[in-house]
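*Asks:* Let's see this in three dimensions:
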Amino acid sequence: MNVAEAEKNFASLVDKVYIEGVSVDLECNDKVIARLVPAEPRPPLTVGELKAFLRGLPSLGDDADAFARDVRAIRAQFPAEANPWD
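*Replies:* As a prediction, the model looks like this:
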């Protein structure tokens with residue numbers, strides 16, 4: 001994010017860093033000059049928190065079958081990766 005944009009939206013930027021736990025690179029002339037990071041790292045999600053998050057997502061409804069077909073078609077276009085342990 002460029003410094004001018006960060007300056008305009010500084011309060012929401014700080015909220016994003018704090019609430020979402022993300023880091024934001026600040027750029028000037030396409031060069032990273034600073035990084036805004038959370039003061040404390042966020043603990044990883046618990047299984048219960050993950051389940052609650054997933055339950056809160058909207059269901060695919062009528063689109064579920066079409067989505068599954070699309071995923072299978074995309075996967076078929078890419079060869080399986082070789083086993084790195086072979």
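*Asks:* which residue sits closest to the most centrally placed residue in the chain in space, ignoring its chain neighbours?
*Replies:* The centroid of the chain falls nearest to residue 22 when counting by CA atoms, centre = their mean (8.9 Å). Computed as CB to CB, 6 or more residues apart in numbering, the closest residue to residue 22 that is not its neighbour in sequence is residue 16, at 6.2 Å. Where you see a C-beta, it was placed from the backbone N, CA and C, and this is true even at glycine.
*Asks:* wait, that neighbour sits on residue 9?
*Replies:* No. If you go by CB atoms under 8 Å, residue 16 and residue 9 don't touch, sitting 9.0 Å apart.
*Asks:* remind me which residues of this structure are low pLDDT?
*Replies:* 84, 86 (pLDDT under 70).
*Asks:* Give me the domain ranges for it.
*Replies:* Domains of the chain are assigned by automatic domain parsing as 3-36, 47-77.
*Asks:* Would you indicate which residues of the shortest one are buried?
*Replies:* Residues of domain 47-77 classed as buried by neighbour count (16 or more other CB atoms under 10 Å): none.
*Asks:* Work out for me the element residue 4 sits within.
*Replies:* Using DSSP states H and E, residue 4 sits in helix 3-8.
*Asks:* and that helix, what does it pack onto?
*Replies:* In terms of contacts (3 or more CB pairs under 8 Å, 6 or more residues apart in numbering; DSSP states H and E), helix 3-8 is packed against strand 24-28.
*Asks:* which residues touch the helix or strand following the strand it packs on?
*Replies:* The helix or strand immediately downstream of strand 24-28 is strand 31-36, counting by DSSP H and E. Strand 31-36 is contacted from outside by 3, 6, 13, 14, 17, 23, 24, 25, 26, 27, using CB atoms under 8 Å, 6 or more residues apart in numbering.
*Asks:* Touching, the first one and residue 25? I think so.
*Replies:* Right, residue 3. No. Checked against CB under 8 Å, the pair residue 3 and residue 25 is beyond contact range at 10.6 Å.
*Asks:* any idea which helix is longest in this structure?
*Replies:* Counting by DSSP state H, the longest helix found in the chain is helix 64-77.
*Asks:* quick one: contacts of it?
*Replies:* residue 60.
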